[in-house]
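okay, here's the prediction I keep looking at, along with the sequence it came from:
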Amino acid sequence: MPVVPIYLNIDENTYAGVRTGVLELYGLAKNVDNKRVAKHIPAVADAAKEGASKAIDFVREHKGGTLLVGGIIIVGGAAAGAIGYASHRKQRKLDKQFCEALQTYLDTAQGGTLTLAILNNLLDSIEAVEKNNPNKSFNLNISAAQFSELIHCIFDYTLRLAEANNFSAQKINRPKYFKKKTSDDLKYYLNMQKQIFEQAA
């Protein structure tokens with residue numbers, strides 16, 4: 001028996017905030033109304049290059065007794081910068097994958113066309129972020145209040161999905177109050193939705 005489709009109800013402000021947060025992760029801040037680029041957000045790598053440039057300028061100004069120390073600082077700084085850049089680049093890639101999966105999830109859930117494959121894709125992207133980030137926090141550029149509102153919308157959606165598909169809604173816990181944007185509640189409701197899909201299949 002196929003899953004009875006339910007439509008995700010999410011208020012426009014929260015949805016616009018999520019979309020804006022997703023766009024900012026790609027390095028651009030776009031105006032939500034006309035989708036034009038409002039400003040470019042500098043990458044962390046650019047800031048690191050600027051810091052390295054200042055260190056080199058300092059060494060040049062104080063050539064006298066600091067040549068050896070300056071060389072060590074530059075080499076050490078370059079190595080630390082390269083490691084930091086590789087780590088940052090990986091995190092940005094994981095954040096981008098998460099944001100794309102979240103956007104697909106929200107769009108399909110709003111349209112009543114959510115599938116198990118889309119749920120699994122979002123869960124996989126969350127697990128990849130968690131593996132790379134022990135804090136389980138998302139680099140989604142929305143406020144904690146907007147993220148909390150999003151979680152409550154997904155909680156309500158999960159309850160209605162359970163009721164429509166004869167799944168015990170009593171098994172579904174209410175969201176916790178939180179100040180950080182962590183993956184715990186989001187992952188919990190997605191796993192509950194996955195159970196509903198698998199039971200209905």
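Yes, it's here. Numbers count the residues shown, from 1 in each chain.

quick one, phi psi at residue 182?
Main-chain dihedrals, residue 182, degrees, to the nearest 10: phi -100, psi 170.

quick one: it and residue 105, what's the gap?
Here residue 182 is placed at a distance of 17 Å from residue 105 (CB to CB, to the nearest Å). (C-beta placed from N, C-alpha, C; glycine too.)

cool, residue 151 as well?
For residue 151, the distance to residue 105 equals 13 Å [CB to CB].

which of those two has more residues huddled nearby?
residue 105 (22 against 19; other CB atoms under 10 Å).

isn't the more buried one right up against residue 114?
Yes - using CB atoms under 8 Å, residue 105 is in contact with residue 114, at 7.0 Å.

tell me the mean pLDDT for stretch 171-183?
Averaging pLDDT along stretch 171-183 yields 79.

contact partners for residue 5?
For residue 5, the contact set (CB atoms under 8 Å, 6 or more residues apart in numbering) comprises 112-114.

with residue 98 instead?
Per CB under 8 Å, 6+ apart, neighbours of residue 98: 122, 125-126, 128-129, 138, 140.

now restrict those residues to buried residues only.
122, 125-126, 128-129, 138, 140 (16 or more other CB atoms under 10 Å).

ok, so of the contacts of residue 98, who is nearest residue 160?
Lowest distance from residue 160 to the contacts of residue 98 (CB to CB) belongs to residue 122, with 18.7 Å.

host element of the closest one?
helix 116-132 (DSSP states H and E).

that helix - contacts with which helices or strands?
helix 63-111, helix 184-200 (3 or more CB pairs under 8 Å, 6 or more residues apart in numbering; DSSP states H and E).

contacts for the last one?
It stands for helix 184-200. By CB under 8 Å, 6+ apart, helix 184-200 touches 1-4, 114-116, 119-120, 122-123, 126, 136, 151, 154-155, 157-158, 161-162, 165, 167, 171-173, 175-176, 178.

I'd like to know which of the residues you listed are buried.
3, 114, 119, 122-123, 126, 151, 154-155, 157-158, 161-162, 165, 167, 172, 175.

how about low-confidence regions in the protein?
The chain contains residues with pLDDT under 70 at 1, 21-87, 136, 139, 177-179.

please repeat the previous calculation with a cut-off of 90.
1-6, 9-96, 98-99, 129-149, 169-171, 175-185, 200-201 (pLDDT under 90).

circling back to that earlier point, and the furthest pair within the contacts of residue 98?
That would be 128 and 140, which, of those, are the farthest apart (CB to CB) at 14.6 Å.
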